[in-house]
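Chemist: Build the 3D model from these lines:
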Amino acid sequence: MSHPKLIDLSHTVEDGMVTYRGLPAPIICDYMSREDSRSHYADGTEFQIGKIEMVANTGTYVDSPFHRYSDGKDLSELSLQQVAHLDGVLVDASHMTGRAVDVSYFDGLDLVGKAVIVRTDWSRLWKTDHYFEGHPYLTQDAAECLRSLGVRMVGIDSLNIDSIDNGTRPVHTILLGADILIVEHMTNLASIPANTPFKFYAVPVKVQNLGTFPVRAFALLE
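Modeler: Numbers count the residues shown, from 1 in each chain. This next block holds a predicted model:
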């Protein structure tokens, strides 16, 4: 009997790791150390209770509509059908020239109800200064095309799905405005075989009044 293959598409969250320049790195430490816990339990029994302080945009994360819109769905309002067991489509833009992933990569594809995962291989620069400079991004016409094609989620292995050359964020505005979730800072997309169907998962913690949170994104190949 064959077993499904799981492919991890997430960065590891580490103490001091910078995801997005200008945002603070997470602080990961003990709230109660194993040594301190010993006084609470029987001899030979100990536990660690950890503590993490971080901004929501840390590691590989999902954006819900609330991230962009005050009246949009927050994390707690997302259905499991929006974040789990989605039909996935890998769009390979790793050999692109320039930075812009435009409408030509998506136009005419059967993407209704699917999670569209854009591979640029920018994640190879993760944890380097180059990761923050000149990243690939989707264009406004690409976002409009994805909206018109009825996708459920769009992911990318880059710093931002939008260009950050100015203050506009048309891709966030268009996709989140249509209740299409966004996953940024993905990795390991080269491990998904070309033209292979897969299920995609990017499930955040169920938090009220928060629009973004890290996920353990992965693909399931059957």
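Chemist: Quick one: residues contacting the residue nearest to the spatial centre of the chain.
Modeler: The centroid of the chain falls nearest to Val183 when counting by Cα atoms, centre = their mean (2.9 Å). Contact partners of Val183, counting by Cβ atoms under 8 Å, 6 or more residues apart in numbering, are 60-63, 117, 153-156, 202, 215, 217. Where you see a C-beta, it was placed from the backbone N, CA and C, and this is true even at glycine.
Chemist: Confirm it sits in a strand?
Modeler: Yes - under DSSP: H, G, I helix; E, B strand; the rest coil, Val183 falls within a strand.
Chemist: circling back: give me the subset of the contacts of Val183 lying in strands.
Modeler: Mapping the contacts of Val183 onto strands (DSSP state E) picks out 61-63, 117, 153-156.
Chemist: what's the burial count for the closest residue to Val215 other than its chain neighbours?
Modeler: Excluding the flanking residues, the one nearest Val215 by Cβ to Cβ, 6 or more residues apart in numbering is Ala202, at 4.3 Å. Counted with other Cβ atoms under 10 Å, residues neighbouring Ala202 total 26.
Chemist: Quick one: residues contacting Arg99.
Modeler: Arg99 touches 134-137, 163, counting by Cβ under 8 Å, 6+ apart.
Chemist: can we see that at 6 Å?
Modeler: Going by Cβ atoms under 6 Å, 6 or more residues apart in numbering, Arg99 touches Pro136.
Chemist: repeat for Lys114
Modeler: Residues near Lys114 by Cβ under 6 Å, 6+ apart: 87, 89, 151.
Chemist: Now with 10 Å, please.
Modeler: By Cβ atoms under 10 Å, 6 or more residues apart in numbering, the residues touching Lys114 are 86-89, 146, 149-154, 197, 200.
Chemist: picking up where we left off before, roughly how far apart are the residue nearest to the centre of the chain and Ser158?
Modeler: Taking Cβ to Cβ, to the nearest Å as the measure, Val183 falls 11 Å from Ser158.
Chemist: low-confidence ranges in this structure?
Modeler: 1-2 (pLDDT under 70).
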